[in-house]
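Trainee: Need coordinates for the below:
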Amino acid sequence: MMYEMGTSKVWVSSHWLRLWMPKKKQQYFIETWHGGLGFKKIEGDIEDELTEREINTGKYNAELIDLLISNSAWLTAIYKRAFWGYNGEILECGYPKTDSFEKIAHEKYGEIREKLEIPRDVRIVMYAPTFRNESETEIFRYDYSRVIAELEKKTGDKWIFLLRLHPLLSKLSSDLQVKKPWFRDVSDYDDMQELTLASDVFITDYSSGIFDFALTGRPGFLYAPDLEKYTEERGLYFDLRDLPFPLCQTEEELVTAVGLFNEISYQTQLEDFFAQTGLIRTQDSAERICKRIDAVISECSR
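Mentor: Below is the predicted model:
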């Protein structure tokens with residue numbers, strides 16, 4: 001890796017580089033970040049919560065970056081404020097990970113289900129909570145069968161429950177196993193975007209994945225039993241009560257929200273939210289970034 005980075009013209013990363021990674025003057029660094037629209041405060045917006053090393057790493061990277069990729073006016077404003085005085089270029093073009101997301105959602109739906117070996121007549125609800133610093137899994141535990149029962153009652157269809165823990169917590173998923181045919185642990189599945197495209201309902205607490213999922217137009221719910229504690233410790237950019245996704249802090253509230261879900265109201269709230277954040281829904285962000293890379297390389301070869 002050191003050799004490749006030392007000899008390449010363009011770097012593209014979704015995370016900060018380590019302090020020991022030098023950058024030559026003629027090299028070009030594109031930082032895509034890794035969340036897009038997200039709940040949790042980052043970098044300079046939570047400076048008091050960061051270690052000295054984390055702050056130094058952030059400031060070091062802010063000096064290295066030549067181009068930041070943004071998917072919304074909302075995110076661009078955060079970059080300008082939270083990324084340690086960064087005043088370089090920001091390309092507001094959307095994210096490659098959701099290029100054509102709306103367009104291919106239906107097409108990929110069946111294809112990914114075949115990989116998961118889930119019959120087409122069985123619908124999917126995925127629970128994908130975000131990372132916690134603690135190694136406890138109890139916060140993720142509730143009676144999943146009640147959600148399945150309520151969905152089957154509401155829709156008349158058969159459902160399966162997928163559990164997807166954060167990659168850094170996936171080894172703990174065995175603590176949450178339910179030995180029932182309607183339950184599947186997919187914490188080790190490689191591609192979160194595929195799971196997102198294949199799901200009919202998405203449940204999370206504070207994962208930005210729900211904003212990707214919302215591009216499919218399908219129902220999303222927030223189950224956040226530790227909302228007050230998490231907000232105090234981590235800080236959130238949004239008041240979860242103002243989002244399109246029904247907010248639930250108890251198992252009973254979650255089951256009730258599923259049963260009372262209103263599709264028409266949800267779609268209206270989604271569109272309003274996307275307009276407020278300036279979300280870019282595009283099919284060509286990867287193409288635009290590649291053109292920039294080509295231009296940088298061409299300029300270097302002259």
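
Trainee: I figured G88 was touching N61, is that so?
Mentor: No: between G88 and N61 there is no contact under CB atoms under 8 Å: 11.4 Å. (Each C-beta comes from the backbone N, C-alpha and C, glycine too.)

Trainee: These two - which one has more neighbours?
Mentor: Legend: neighbour count by other CB atoms under 10 Å for G88 and N61, higher for N61 (23 against 15).

Trainee: Chain neighbours aside, what residue packs nearest to that one?
Mentor: Nearest non-adjacent residue to N61, counting by CB to CB, 6 or more residues apart in numbering: W16, 4.6 Å away.

Trainee: And the one you found, how far from I42?
Mentor: 11 Å (CB to CB, to the nearest Å).

Trainee: for L17, same thing?
Mentor: 16 Å.

Trainee: Same check on P225?
Mentor: 23 Å.

Trainee: got it, and K25?
Mentor: Distance from K25 to I42, by CB to CB: 28 Å.

Trainee: between these two, which one's more packed in?
Mentor: Remark: of K25 and I42, I42 carries more neighbours, 17 against 4, as counted by other CB under 10 Å.

Trainee: Does that one touch I78 like I think?
Mentor: Yes: the criterion here is CB under 8 Å, and I42 meets it with I78 at 7.1 Å.

Trainee: Please enumerate the shared neighbours of the two.
Mentor: Shared contacts of I42 and I78 (CB atoms under 8 Å, 6 or more residues apart in numbering): none.

Trainee: Now name the helix or strand holding the residue nearest to L17 when sequence neighbours are not counted.
Mentor: Nearest residue to L17, sequence neighbours excluded (CB to CB, 6+ apart): N61, at 5.8 Å. Using DSSP states H and E, the element containing N61 is helix 52-64.

Trainee: after that helix, next one along is what?
Mentor: As assigned by DSSP H and E, the chain's next helix or strand after helix 52-64 is strand 67-70.

Trainee: Provide the contact partners of whichever helix or strand comes after that following strand at residue level.
Mentor: Using DSSP H and E, the next helix or strand after strand 67-70 towards the C-terminus is helix 73-82. With contacts defined as CB under 8 Å, 6+ apart, helix 73-82 is touched by 33, 36-37, 41-45, 68, 70, 86-87, 90, 92, 237, 276-279.

Trainee: any residues touching stretch 182-194, and which ones?
Mentor: 97, 108, 112, 115-116, 118, 126, 128, 144-145, 148, 159-165, 167, 169-170, 173-174, 176-177, 195, 209, 212.

Trainee: try 7 Å this time
Mentor: Residues from elsewhere that reach stretch 182-194, judged by CB atoms under 7 Å, 6 or more residues apart in numbering: 97, 112, 144, 148, 159-165, 170, 173, 177, 195, 209.

Trainee: next one: stretch 41-53
Mentor: Contacts for stretch 41-53 (CB under 7 Å, 6+ apart): I55, G58, R81, A82, F83, W84, R234, G235, L236, Y237.

Trainee: quick one: which of these is nearest to T155?
Mentor: Within these, the smallest distance to T155 is 31.3 Å, found for L236 (CB to CB).

Trainee: Name the nearest residue to the closest one, ignoring sequence neighbours.
Mentor: F39 (5.1 Å).

Trainee: all helices of the stretch 101-250 of the chain, in order?
Mentor: 101-116, 144-155, 192-198, 209-214, 227-234 (DSSP state H, counting those that start in this stretch).
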